[in-house]
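[1] this one's structure only:
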């Protein structure tokens, strides 16, 4: 198949390129040639800006286009309209965080999606990202009815993550003698290796599938406790996991998901982020590698990075973590003494 990728040189893009090449497909990348210009030298690259009219693509045809970015419905609408006669199908790499009821558990693809006013003039933030992606998904479908495949991706992880979202946990477990473990060990979490997203996307393209798919793992309910224990096992760490109550963290202005990635908490606007239904994707053939393999590959990549990169880009700082742990342990000790006094 002939596949056009809008982008292709960030983090998700190269994973898609690798998966498509492994399956023998012919690729064309369309981007500004500013990020990793030497990446994939054997793959055709057309230089242009998708914020323009895509005139550089006129006169060409492909079986499918993959939109790896597109957080603005206006931009996606223009791209889909410009390519309507050049491609059979449009693949939009969306997000699982676009559902209107972020706190609701078990949402499947039929759940209502977020909307905001004036989306094309909104600055992308962690709070409106889901709404913008949901509206962009709808924009693609409006331009190309029944020709759009939307991969509603969960939190992406794997080697090379530019944001260190899940990476922060095995790294901290490997490097620290004690680690702040948020909430309860039974709190549910979800994420997916970027390479599994890419492989599933290409397989869906090959079968000419359309519609939305919650593309997230693990296959079975998975807890924060299981994740941190796997981090210890995979890194050979003996770090102490100090479980800190959610109410305590909230009282100290520590936000689930934002300040402690992956963990959603049991209350608040993101409480349902760890329980989205992936039944449709699994039935369609989504295959997920063992979490131990992802953590191993993350740590191998991390150890190969220069010192300046081996500074976590997300999560509370080491110093802030120690402040919180000291306050929590001190509070717990005070409560224990109070209980002892009461008992006497």
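    In hand now; what should we look at? What you see is a predicted model, and the numbers here were worked out from it, not measured in a lab. Numbering: from 1, shown residues only.
[2] what's near enough to touch residue 324?
    By C-beta atoms under 8 Å, 6 or more residues apart in numbering, the contact list for residue 324 reads 180, 244, 249, 252, 254, 316. Bear in mind the C-beta positions are built from the backbone N, C-alpha and C, glycine included.
[3] what's around the fourth one, how many residues?
    Pointing back at residue 252 there. Using other C-beta atoms under 10 Å, residue 252 has 15 other residues around it.
[4] excluding sequence neighbours, find me the nearest residue to it.
    Once flanking residues are discounted, residue 252 sits nearest to residue 324: 6.1 Å by C-beta to C-beta, 6 or more residues apart in numbering.
[5] for residue 254, see how far away the one you found is.
    Noted for residue 324: a distance of 7 Å to residue 254, by C-beta to C-beta, to the nearest Å.
[6] and for residue 206?
    Residue 206 is 44 Å from residue 254, by C-beta to C-beta.
[7] isn't there a strand covering residue 213?
    Yes - under DSSP: H, G, I helix; E, B strand; the rest coil, residue 213 falls within a strand.
[8] list the contacts of it.
    Residues near residue 213 by C-beta under 8 Å, 6+ apart: 109, 149-152, 204, 280-281, 284, 286.
[9] right, and residue 94 touches residue 135 too?
    No - if you go by C-beta atoms under 8 Å, residue 94 and residue 135 don't touch, sitting 10.2 Å apart.
[10] neighbour count winner among the two?
    residue 94 (29 against 24).
[11] list the contacts for that one?
    Residue 94 makes contact with 133-134, 136-137, 150-153, 212, according to C-beta under 8 Å, 6+ apart.
[12] try 7 Å this time
    If you count contacts by C-beta atoms under 7 Å, 6 or more residues apart in numbering, residue 94 has them with 133, 137, 150-153.
[13] could I get those in TSV, plus columns for neighbour count and pLDDT?
    Below are the contacts of residue 94 laid out as TSV (neighbours: other C-beta atoms under 10 Å; pLDDT from 0 to 100):
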residue	neighbour count	pLDDT
133	29	97
137	25	97
150	27	99
151	25	99
152	27	99
153	23	98
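[14] in the stretch 1-150 of the chain, where is pLDDT below threshold?
    Nowhere does the stretch 1-150 of the chain drop to pLDDT under 70.
[15] would you map the strands across it?
    Assigned strands in the stretch 1-150 of the chain, in chain order: 2-6, 26-31, 44-47, 62-67, 87-95, 148-153 (criterion: DSSP state E, counting those that start in this stretch).
[16] on that earlier part again, higher neighbour count, residue 206 and residue 254?
    Ranked by neighbour count (other C-beta under 10 Å), residue 206 and residue 254 place residue 254 first, with 20 against 14.
[17] wait, what's in contact with that one?
    The contact partners of residue 254, by C-beta under 7 Å, 6+ apart, come to 260, 316, 324.
[18] let me see the domain layout of this protein.
    Domain assignment for the chain by automatic domain parsing gives 2-153, 155-192+218-275+290-329.
[19] of these, which is nearest residue 198?
    Among those, domain 2-153 comes nearest to residue 198, with 3.9 Å by C-beta to C-beta.
[20] from one end of the closest one to the other, what's the distance?
    Domain 2-153 stretches 23 Å from its first residue to its last (C-alpha to C-alpha, to the nearest Å).
[21] got JSON lines for the contacts of residue 324, with secondary structure, pLDDT and distance to residue 305 too?
    Converted to JSON lines, those look like this (DSSP: H, G, I helix; E, B strand; the rest coil; pLDDT from 0 to 100; distance: C-beta to C-beta, whole Å):
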{"residue": "180", "secondary structure": "strand", "pLDDT": "98", "distance to residue 305": "23"}
{"residue": "244", "secondary structure": "strand", "pLDDT": "98", "distance to residue 305": "29"}
{"residue": "249", "secondary structure": "helix", "pLDDT": "97", "distance to residue 305": "29"}
{"residue": "252", "secondary structure": "coil", "pLDDT": "97", "distance to residue 305": "31"}
{"residue": "254", "secondary structure": "coil", "pLDDT": "96", "distance to residue 305": "27"}
{"residue": "316", "secondary structure": "coil", "pLDDT": "95", "distance to residue 305": "21"}
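[22] going by distance to residue 115, which of those residues wins?
    Distances from residue 115 to the contacts of residue 324, taken by C-beta to C-beta, are shortest for residue 254, at 29.2 Å.
[23] separation between that closest one and residue 316?
    Residue 254 sits 7 Å away from residue 316, going by C-beta to C-beta.
[24] anything in contact with each of these two?
    Common neighbours of residue 254 and residue 316, counting by C-beta under 7 Å, 6+ apart, are residue 260.
[25] burial check on residue 218, number of neighbours?
    So residue 218, with other C-beta under 10 Å, has 16 neighbours.
[26] quick one, helices of this structure?
    For the chain, applying DSSP state H gives helices covering 12-22, 73-82, 129-143, 168-175, 194-206, 224-235, 246-251, 279-283, 291-303, 318-343.
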